[in-house]
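# turn this into a model:
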Amino acid sequence: MKNISLGRYLPYNTVLHRLDPRVKLFGLISFMVLVFFSFGDVWFNFAFYALVLVLVLIALKIAKVKLKSLVRQLKPLWFMVVFLLIINIISFRSNDMNILFKIFEYPIYAAAVYQTFYILMRLILMISLTMVLTSTTKPLDLTFALEWIMSPLKIIHFPVHEVAMTMSLALRFIPTLLDETGRIMKAQESRGVDFSGGKLSEKVRGIVSLIVPLFNSAFMRSDELANAMEARGYNPQGKRTKYRMLKFAPSDLFGFILFTMILTGGILLLVFKTPIIASFYELIALISGLF
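A predicted model of the protein is given here:
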């Protein structure tokens with residue numbers, strides 16, 4: 001549990017840590033938009049996702065987030081990916097599709113595998129991007145950034161501050177609940193509960209013995225947090241002042257321009273995808289000819 005970085009702030013002094021939270025949030029939104037781009041051509045999509053993944057891995061390296069933590073975050077995805085692959089294999093049935101291979105005369109279409117791979121790549125990229133943001137941004141700074149970005153919605157009386165505070169607290173509670181889960185698991189294992197082995201009925205009882213105290217602890221922590229905020233006079237409807245004001249620095253401007261250029265480049269690729277894809281295959285053919 002200690003190696004899970006999602007929602008956990010890592011107190012390092014890196015370029016990404018010093019970057020304005022509003023710029024980092026804009027970068028997250030920009031990359032999320034790029035993740036859902038589809039250019040129609042399978043191999044060009046793969047190349048585009050690989051490029052975005054390289055950029056995300058560079059950001060993880062700069063933020064000093066260990067790759068092992070990312071791998072541990074992705075472990076629960078494999079069951080879902082296998083389930084999606086089975087669903088896609090059953091649902092993609094057409095004579096017009098290319099058959100990738102056959103299993104006991106049952107055709108496996110290439111479109112089913114490609115669609116599953118698209119979903120897997122998008123999930124990996126979204127989790128990685130979220131890890132970069134939460135690992136390099138304090139929860140309070142993230143609240144300020146969310147509130148600043150959603151501030152135009154105040155015109156229509158949208159509860160901007162309440163939504164930003166709720167999202168920030170939800171992110172902050174992720175590592176707390178993970179730590180609490182690890183503590184409860186150790187306590188139950190010391191009482192003879194086996195979470196890794198045993199029969200199905202024993203595993204169900206083990207999960208129940210974990211979930212019940214975990215929910216109880218979560219409700220208790222939520223009640224304590226609410227009482228603490230009320231004791232300090234917190235009023236979401238009142239006019240609030242800020243002890244720390246966010247200010248743009250030259251590095252923040254550079255980061256904003258960089259993220260804007262990356263997003264613009266992705267949009268240009270999507271708009272002019274036909275000649276760019278043709279050039280991509282010409283480049284692949286040229287490289288293949290050299291070898």
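
# quick one: the helices in this structure, in order.
15-18, 21-35, 42-62, 67-74, 77-91, 110-136, 139-149, 160-190, 200-231, 250-271, 273-290 (DSSP state H).

# figure out how far stretch 139-149 is from the centre of its chain.
Distance, stretch centre to chain centre, for stretch 139-149: 18 Å (C-alpha atoms, centre = their mean, to the nearest Å).

# buried ones in it?
139-149 (16 or more other C-beta atoms under 10 Å). Any C-beta I mention is one placed from the backbone N, CA and C, and that applies to glycine too.

# for that stretch, the averaged confidence score.
Mean pLDDT, computed over stretch 139-149, is 82.

# try stretch 230-248
76.

# tabulate the CA atom coordinates of that stretch in CSV.
Extracted in CSV, the C-alpha atoms of stretch 230-248 (Å, rounded to 0.1, in the frame of the first residue of the first chain):
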residue,chain,number,x,y,z
GLU,A,230,-17.0,23.5,11.6
ALA,A,231,-14.8,24.2,14.7
ARG,A,232,-12.6,26.4,12.6
GLY,A,233,-15.6,28.3,11.3
TYR,A,234,-15.6,27.0,7.7
ASN,A,235,-18.5,28.4,5.7
PRO,A,236,-18.6,27.5,2.0
GLN,A,237,-21.1,30.2,1.2
GLY,A,238,-19.1,33.0,2.9
LYS,A,239,-16.6,35.2,1.3
ARG,A,240,-13.2,33.7,1.6
THR,A,241,-9.7,35.1,1.6
LYS,A,242,-6.5,33.2,0.7
TYR,A,243,-3.3,33.2,2.7
ARG,A,244,-1.3,32.1,-0.3
MET,A,245,-1.9,33.7,-3.7
LEU,A,246,-1.1,31.9,-6.9
LYS,A,247,1.1,33.9,-9.2
PHE,A,248,2.5,33.0,-12.7
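
# so what touches it?
Stretch 230-248 is contacted by residues 20-22, 141, 144-145, 148, 159, 161-162, 165 when judged by C-beta atoms under 8 Å, 6 or more residues apart in numbering.

# what's the most distant pair in the residues you listed?
Spanning the widest gap among these are Asp20 and Pro159, at 24.1 Å by C-beta to C-beta.

# who has more neighbours out of those two?
Set side by side, Asp20 and Pro159 show more neighbours around Asp20, with 22 against 14, by other C-beta atoms under 10 Å.

# can you tell me how far the more buried one sits from Gly27?
From Asp20 across to Gly27, the span is 10 Å (C-beta to C-beta, to the nearest Å).
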